[in-house]
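> sequence first, then the predicted structure:
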Amino acid sequence: MSPYSSEFFGHTMAMVIPKCAEDLVEISSLMIYDDTTTRETSHVSVYVILNSLINVMSTPIFPRRLPPDQPPPRRDSIVEGKRTPLYGLAWVCSPRQLGKNLGSIGTGRGEYRNVISAQWKGPFGYELLPSAVHGMDGKFYLVAEWNKPHPGHTSEAIIEAARKAMGVDKDVTLEATLQWHRFPLTWLAQEEDEKEKLALKAVENIHLSNQPPGVR
């Protein structure tokens, strides 16, 4: 089994963190790299178990992420003696995807904000305008709504209007990325470090499991 194959990745992760099987988050694709050439060697569809495990390891009262059908409490409401932070229900995409979905525009100078604003339709005020937040991981978090009150409007109507304003309706692959994310997104950098450590540990464990009993 090649150490750069999707089978190897899935087998390794399943061995290291089997208890996360019910929390798997499927995404459209994951880039697998060959360390010997630093070139992309395959583009495969896999289950991202690391995100699930990292989320479980984060603040238990206020996780970094929540499923779209499990909204967090309203911001500033008290839960177990602590104030609920800001959460945003967001799709996640690359700068290239965002630019393409908004009409093949650039995303480097903020032009996307003007396009989103111009496409914001319906009986909604400016305070409900969706936001495209550029995360420290290089991805855009397309926030449809926050965990704030929005009297007079249903979440379903706001989300649907945001879907059209941010071009999500033009890219069906983005629907699988919709989750509640805790803001600010400062935890993204820490999460990348945690993923790297877990991946290294996974490779170490699979290597040890393949050694003869007398060598371990």
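Structure's in. What do you need? Numbering: from 1, shown residues only.
> where does Lys148 land in three-state SS?
Secondary structure assignment for Lys148 (DSSP: H, G, I helix; E, B strand; the rest coil): coil.
> isn't it right up against Arg74?
Yes. The criterion here is CB atoms under 8 Å, and Lys148 meets it with Arg74 at 6.8 Å. Every residue, glycine included, has its C-beta placed from N, CA and C.
> helices along the chain, start to end?
Secondary structure of the chain (DSSP state H): helices at 6-16, 49-57, 95-101, 111-118, 155-165, 187-209.
> and the last one, what does it pack against?
Identification of packing neighbours for helix 187-209 by 3 or more CB pairs under 8 Å, 6 or more residues apart in numbering; DSSP states H and E yields helix 6-16, helix 49-57.
> and those helices, which one is worst for confidence?
Of all these, the minimum mean pLDDT falls on helix 6-16 (a mean of 41).
> break the chain down into its structural domains.
According to automatic domain parsing, the chain comprises the domains 1-57+186-216, 65-185.
> and these as JSON lines, adding mean neighbour count?
Output for the domains of the chain, formatted as JSON lines (neighbours: other CB atoms under 10 Å):
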{"stretch": "domain 1-57+186-216", "mean neighbour count": "14"}
{"stretch": "domain 65-185", "mean neighbour count": "16"}
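> least confident of these, on average?
When I compare these, domain 1-57+186-216 is least confident, with a mean of 52.
> next up, the contacts around Arg74.
Thr84, Asn147, Lys148, Pro149 (CB atoms under 8 Å, 6 or more residues apart in numbering).
> what does Leu188 give?
So Leu188 contacts Gly135, Met136, Asp137 (CB under 8 Å, 6+ apart).
> how about these in TSV, adding distance to Pro67?
Formatted as TSV, the contacts of Leu188 follow (distance: CB to CB, whole Å):
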residue	distance to Pro67
Gly135	19
Met136	23
Asp137	20
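> between the residues you listed, which is nearest Leu102?
Of all the contacts of Leu188, Leu102 sits closest to Gly135, with 17.7 Å by CB to CB.
> quick check: Ser209 vs Phe124, distance?
55 Å (CB to CB, to the nearest Å).
> of the contacts of Arg74, closest to Glu111?
Lys148 (26.9 Å).
> distance of the closest one relative to Phe183?
11 Å.
> from the contacts of Arg74, which two are the most distant?
Within those, two members stand farthest from each other by CB to CB: Thr84 and Pro149, at 12.7 Å.
> next, work out how far apart Gly99 and Thr107 are.
5 Å.
> residue contacts, the closest residue to His153 other than its chain neighbours?
Leaving aside its sequence neighbours, His153 sits nearest to Phe124 (CB to CB, 6 or more residues apart in numbering; 6.5 Å). By CB under 8 Å, 6+ apart, the contact set of Phe124 is His153, Ile158, Ala161.
> repeat for Leu142
90-93, 98, 130-133, 162, 166, 168, 174.
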